[in-house]
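Asker: Give the three-dimensional model of this entry:
(2 chains)
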There are 2 protein chains.
Amino acid sequence: MSSAQMPSAVVLLSGGLDSTTCLAIARQRGFRCHALSFRYGQRHQEELAAAARIAQALGADEHRIVDIDLRAFGGSALTDDIAVPKARNADEIGSGIPITYVPARNTVFLSFALAWAEVLEAQDIFIGVNALDYSGYPDCRPQFIEAFERMAQHGTRLGAEGRPITIHAPLMQLNKAQIIEAGLALGVDYGMTISCYDPVEGRPCGGCDACLLRRQGFAAAGLSDPALEQPSR
Amino acid sequence: MSSAQMPSAVVLLSGGLDSTTCLAIARQRGFRCHALSFRYGQRHQEELAAAARIAQALGADEHRIVDIDLRAFGGSALTDDIAVPKARNADEIGSGIPITYVPARNTVFLSFALAWAEVLEAQDIFIGVNALDYSGYPDCRPQFIEAFERMAQHGTRLGAEGRPITIHAPLMQLNKAQIIEAGLALGVDYGMTISCYDPVEGRPCGGCDACLLRRQGFAAAGLSDPALEQPSR
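Answerer: Model prediction:
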């Protein structure tokens, strides 16, 4: 299939392990990928630089970064001056709604992806959400993705014209080890990715929920994390 | 009911006739109102100044303006260098999807309203959409509002905790004359509002769809438009 015949997809890309794997899967499924990242008042900017490098390395057609101000409302350790919890018991991560939950974040992110998809006339959007590791986040559950997809049919020109929009969440039911194995099979270099909520001088902190889940994932896959083997980023 | 007992609502407020009426209705229904406007690359900024004045005049608790960049994707006469259509036949306004449609605009706006509602723990959001005048805009139809409301139950902490979110669209089935009559009954001064898509030196152009619908609305109500009686704004 020539590039011109390939359908376009918008792919949400944070620069982390999950969204990078999601981009690799979208490419493997034959989509021209339009990668979308957000500068949303998160504590660190390294992940946006990583997202740009990953978009290029994985052959995305383009990568855009949109500024949005989720700090205007507050309410999360990822956007406010609230301490990121460290060294929690693994069992605690999935229970309750964590302080690192950003209110309606995936709704806002998918809304922008939908706006871009309308302009591109793209009927496919990819998001790397995962219900197993992030069961405490309501906007990472399959019911949310399905409800967003239904809303997208009603709220867009594409949907009104009978061209349905599909929200792909290919990692939804995978555990971290399975996500890593899927990515490695597609040639992903996880040394390029950043997962940490609270990096120190560009290095993962090792103690936040994201670092803990990532470490457990590599261990369960019987692998070492290439991001930890590099002297600096 | 004392102010502390009144439930909070987020009210989308553009500074136009419809959203101003919607705010007056939310106040009349007993809500503490948190008015939300967007600086989204629209051609003119006068409506944001009008929104601030209206929020204060109608007794909103607060008014916030959030910067978002819908120009990043393009695709509408309201955000791009595309001419706003003028002096169309009234019958044409409702047919097809107009060039003034901003892709997924109400989805994006409601997503931010939802994020703020989560932080406020507000279960009510008001939006002044209208299916009669804007039948060409898919994101102004009742099916869209209902689908967004369902999505909001799944994608938020409030919804996950069994506190459902209601998207109020009190103007949905009103014609422009009925909207104006409802607002006047609540004491709205429509001289404060700006509806025009393409004002010239702060004055309505008189020829765009928004100006045409507004003029017809005042005429049908047997009234003159106070915004046209002022020498300048």
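Asker: Which stretches in chain A count as helices?
Answerer: Secondary structure of chain A, counting by DSSP state H: helices at A:17-28, A:46-57, A:90-93, A:105-120, A:142-155, A:157-160, A:176-185, A:209-220, A:226-229.
Asker: where among the ones you listed is the average confidence lowest?
Answerer: Among the helices of chain A, helix A:90-93 carries the lowest mean pLDDT, at a mean of 54.
Asker: ok, back up a step: dump the helices of chain A to JSON lines, plus mean neighbour count.
Answerer: In this view, the C-beta of every residue, glycine as well, is placed from N, C-alpha and C. Output for the helices of chain A, formatted as JSON lines (neighbours: other CB atoms under 10 Å in any protein chain shown):
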{"stretch": "helix A:17-28", "mean neighbour count": "25"}
{"stretch": "helix A:46-57", "mean neighbour count": "19"}
{"stretch": "helix A:90-93", "mean neighbour count": "13"}
{"stretch": "helix A:105-120", "mean neighbour count": "25"}
{"stretch": "helix A:142-155", "mean neighbour count": "22"}
{"stretch": "helix A:157-160", "mean neighbour count": "21"}
{"stretch": "helix A:176-185", "mean neighbour count": "19"}
{"stretch": "helix A:209-220", "mean neighbour count": "20"}
{"stretch": "helix A:226-229", "mean neighbour count": "14"}
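Asker: closest one to B:Leu12 among those?
Answerer: helix A:105-120 (13.7 Å; CB to CB).
Asker: helices or strands up against the closest one?
Answerer: strand A:8-12, strand A:32-39, strand A:124-126, helix A:142-155, helix A:157-160, helix B:105-120, helix B:142-155 (3 or more CB pairs under 8 Å, 6 or more residues apart in numbering or on different chains; DSSP states H and E).
Asker: can you give me phi and psi for the residue of chain A most remote from its centre?
Answerer: The C-alpha centroid of chain A is most remote from A:Glu161, which lies 29.0 Å away (CA atoms, centre = their mean). The phi/psi pair for A:Glu161 (degrees, to the nearest 10) reads phi -90, psi 10.
Asker: related to what we said a few turns ago, let's have the helices of chain A in JSON lines, adding distance to B:Pro204.
Answerer: Listed next are the helices of chain A as JSON lines, based on distance: least, CB to CB, whole Å:
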{"stretch": "helix A:17-28", "distance to B:Pro204": "45"}
{"stretch": "helix A:46-57", "distance to B:Pro204": "41"}
{"stretch": "helix A:90-93", "distance to B:Pro204": "55"}
{"stretch": "helix A:105-120", "distance to B:Pro204": "27"}
{"stretch": "helix A:142-155", "distance to B:Pro204": "28"}
{"stretch": "helix A:157-160", "distance to B:Pro204": "27"}
{"stretch": "helix A:176-185", "distance to B:Pro204": "54"}
{"stretch": "helix A:209-220", "distance to B:Pro204": "51"}
{"stretch": "helix A:226-229", "distance to B:Pro204": "57"}
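Asker: Quick one: closest of these to B:Phe148.
Answerer: Among the helices of chain A, helix A:142-155 sits nearest to B:Phe148 (CB to CB), with 5.3 Å.
Asker: What lies in contact with stretch A:184-192?
Answerer: A:17, A:20-21, A:24-25, A:27-28, A:50, A:53-54, A:57-58, A:180, A:183, A:223, A:225-227, A:229-230 (CB atoms under 8 Å, 6 or more residues apart in numbering or on different chains).
Asker: dump the residue contacts of A:Arg141.
Answerer: Neighbours of A:Arg141 in contact, by CB under 8 Å, 6+ apart: A:131, A:135, B:154.
Asker: For B:Glu46, state which of those residues is nearest.
Answerer: Nearest member of the contacts of A:Arg141 to B:Glu46, counting by CB to CB, is B:His154, at 37.9 Å.
Asker: hang on, isn't that closest one packed against A:Phe144?
Answerer: Yes: judged on CB atoms under 8 Å, B:His154 makes contact with A:Phe144 at a distance of 4.1 Å.
Asker: what touches both of those two?
Answerer: A:Pro138.
Asker: Surely A:Glu181 and A:Phe218 touch.
Answerer: No: using CB under 8 Å, A:Glu181 makes no contact with A:Phe218, being 10.4 Å away.
Asker: related to what we said a few turns ago, can you redo the contacts of A:Arg141 as JSON lines with distance to B:Pro7?
Answerer: Supplementary listing: the contacts of A:Arg141 in JSON lines, determined by distance: CB to CB, whole Å:
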{"residue": "A:Ala131", "distance to B:Pro7": "32"}
{"residue": "A:Ser135", "distance to B:Pro7": "30"}
{"residue": "B:His154", "distance to B:Pro7": "22"}
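Asker: so which of those residues comes closest to B:Val10?
Answerer: Using CB to CB, these come closest to B:Val10 at B:His154, 18.6 Å.
Asker: can you tell me how far that closest one sits from B:Gly162?
Answerer: 12 Å (CB to CB, to the nearest Å).
Asker: Fine by me, thanks again.
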